[in-house]
Structures are given as C-alpha cells and as structure tokens.
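In: Here is the input, now give the coordinates:
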Amino acid sequence: MVIDKAGFLLMAGTLAAGGAGGWLMRDSKAHRTRTEEVPVAKTVVSAAPAPVVAPPVPVVQAPVCDDGVGTPADCPAVGPADEGVCTNLAARRCADFKSSFKPKVAEAAVSCIRQLKGSEGCDPARVTLCGHEALMAACPDTPPVRVPTAAVGGVTNANGVVQPDAVPAPVSAVEQACNTILKSCTGASIAPTMADCRQTLSGMSEFGRANLIQCMATHCGDKGLLGCEAVKIPAAQ
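Out: Numbering: from 1, shown residues only. You can find the predicted model right below:
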C-alpha cells in the first residue's frame with residue numbers, strides 16, 4: 001500500500017494539534033475550577049470603638065469660712081485669791097480671749113486653755129500660745145469687693161471714658177487697723193509685716209482690735225503683735 005507522505009504528515013499534525021488543543025482546553029478548565037474553588041479572604045472592617053466620655057467633674061464649692069459662729073466654753077474657775085493661785089492666770093487670759101476674739105476663734109482658744117494640765121496653766125507663754133494659735137487659724141481677712149467707678153457716679157472725661165481712679169479701692173476694717181499699727185511702728189527696730197498684722201487682727205473682735213492698736217502704739221518694739229494679743233488696756237483715769 002502506498003502512503004502519501006505529505007498527506008500523512010498533514011493528518012499527523014492535525015491529530016497532534018487536536019490533542020494538544022484538547023489538553024490545553026482541559027487544563028484551562030481545570031485551572032478555572034481550581035481558581036474558583038480557592039476561597040477569597042474577606043476583609044472584616046470592625047466598627048471604630050465609641051469614644052470614652054469622661055463623666056463631668058462635679059463642682060464642689062469651698063465652704064464659707066465664718067468665725068462669727070461659735071460658742072466658747074466656760075473659762076476655768078477663779079481661785080479664792082488672785083495672788084498665789086496660778087490657775088487664775090489661765091482664767092484671766094481666758095476671759096480676755098472671749099472678749100477680744102471672734103466667737104469661733106475664742107471657742108478654739110478657750111478649748112486649748114481647758115486642756116492645759118498641771119503647771120501649764122501657770123505658764124504665761126503657754127497660756128498665751130492658746131490664743132495665738134487660735135488667731136493663726138482664723139479665717140483670712142477678705143477685702144471688700146471694688147465697686148466699678150461708673151456704678152458710683154465716677155468722673156467721666158471729655159471722651160466719655162470713666163476715670164479708673166475716680167474712686168479709691170475699698171479697704172477692710174482689718175487693713176485700716178493694720179495701716180494705723182504699721183504707722184505707729186515706724187522707726188521701731190522690729191516692725192510687723194502687713195501680712196502678719198492682717199492675720200492677727202482677722203480673728204479679733206472690734207474690741208480686741210482697738211486694744212491691740214492702743215498696745216502697739218507704745219509697745220511695738222518690746223511686745224510686738226504677740227505680746228499685745230488680747231491685752232486689755234486699762235481705762236484712762
């Protein structure tokens with residue numbers, strides 16, 4: 001049998017091409033199948049956490065300091081004779097504190113005196129310390145609020161502007177008393193400061209301030225504020 005070589009090669013090439021094409025088609029299909037079977041990772045977007053809101057801070061107003069409220073206890077009893085009975089010293093100073101200090105300050109000073117034991121009540125420095133510590137713990141002097149010049153009919157210049165110094169700044173009674181004391185201490189070797197004077201007088205009654213001013217007028221250099229605290233000045237004869 002005679003085989004046409006050219007036709008045979010053509011037929012073989014056709015079969016080979018068909019086989020290769022079929023393999024390629026099967027492989028392509030399988031690749032598509034594998035590709036479709038591969039799971040796709042899903043990106044999970046979590047919601048942003050809600051912002052943490054801090055609770056509101058409660059506004060706590062500081063308690064109002066008031067030395068005008070208080071009830072001092074009874075002073076120690078006075079002995080039968082003033083001389084030779086040391087407990088009378090504590091009793092006398094206790095009475096001075098009650099008349100010279102504001103109620104709450106006097107309450108603290110008297111309480112201190114009543115707690116003195118034995119010879120402590122005979123020691124003038126120890127008894128005086130009760131009054132001094134009470135004064136140092138008194139409410140600080142609060143200057144009065146300055147009233148705007150316009151509200152009190154201040155002087156207005158040609159431009160319609162109220163002069164800021166038309167009305168002087170208000171001064172408290174404590175500051176007025178301290179101004180008098182500091183003036184009387186001019187030239188003294190040891191003079192009190194305005195801060196020390198204001199703290200000492202802040203816890204005093206009007207009666208106590210008047211006595212302290214009078215005492216400091218002649219004893220600024222030797223007694224000072226501490227020595228003149230609650231010192232009763234004898235009435236002029």
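In: For the rest of this, base every contact and every neighbour count on C-alpha atoms.
Out: Noted.
In: For residue 233, give its distance to residue 212.
Out: Counting by C-alpha to C-alpha, to the nearest Å, the gap from residue 233 to residue 212 is 8 Å.
In: do residue 185 as well
Out: Residue 185 is 13 Å from residue 212, by C-alpha to C-alpha.
In: and what of residue 144?
Out: 22 Å.
In: ok, the two, which is more surrounded?
Out: Counting neighbours by other C-alpha atoms under 10 Å for residue 144 and for residue 212 shows that residue 212 has the greater number, 29 against 11.
In: Residue 226 is in contact with the more buried one, correct?
Out: No - counting by C-alpha atoms under 8 Å, residue 212 does not reach residue 226; the two are 9.9 Å apart.
In: This structure - how does it break down into domains?
Out: Here the domain parsing of the chain from automatic domain parsing is 66-139, 171-237.
In: Dump those domains to JSON lines, plus distance to residue 57 and mean pLDDT.
Out: Below are those laid out as JSON lines (distance: least, C-alpha to C-alpha, whole Å; pLDDT from 0 to 100):
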{"stretch": "domain 66-139", "distance to residue 57": "27", "mean pLDDT": "89"}
{"stretch": "domain 171-237", "distance to residue 57": "33", "mean pLDDT": "90"}
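In: what's the closest non-adjacent residue to residue 78?
Out: residue 88 (5.1 Å; C-alpha to C-alpha, 6 or more residues apart in numbering).
In: Other residues contacting whichever strand or helix holds that neighbour?
Out: Using DSSP states H and E, residue 88 maps to helix 87-100. Contact with helix 87-100 is made by 72, 75-79, 82, 106-107, 109-110, 113, 121-122, 124, 127-128, 131, 204-209, 230-232, as judged by C-alpha atoms under 8 Å, 6 or more residues apart in numbering.
In: Now restrict the residues you listed to buried residues only.
Out: Those of those that meet the buried threshold are 72, 75-76, 106-107, 109-110, 113, 121-122, 127-128, 131, 204-206, 208-209, 230-232, by 16 or more other C-alpha atoms under 10 Å.
In: Filter those down to just the ones in helices.
Out: 106, 107, 109, 110, 113, 127, 128, 131, 206, 208, 209 (DSSP state H).
In: Which of those residues sits closest to residue 191?
Out: Proximity of these to residue 191 (C-alpha to C-alpha) peaks at residue 209, which lies at 17.3 Å.
In: which ones are touching that closest one?
Out: Residue 209 makes contact with 100, 177, 201, according to C-alpha under 8 Å, 6+ apart.
In: now the helices for this protein?
Out: Going by DSSP H, the chain shows helices at 5-37, 87-100, 103-114, 124-136, 173-184, 194-202, 206-219, 224-228.
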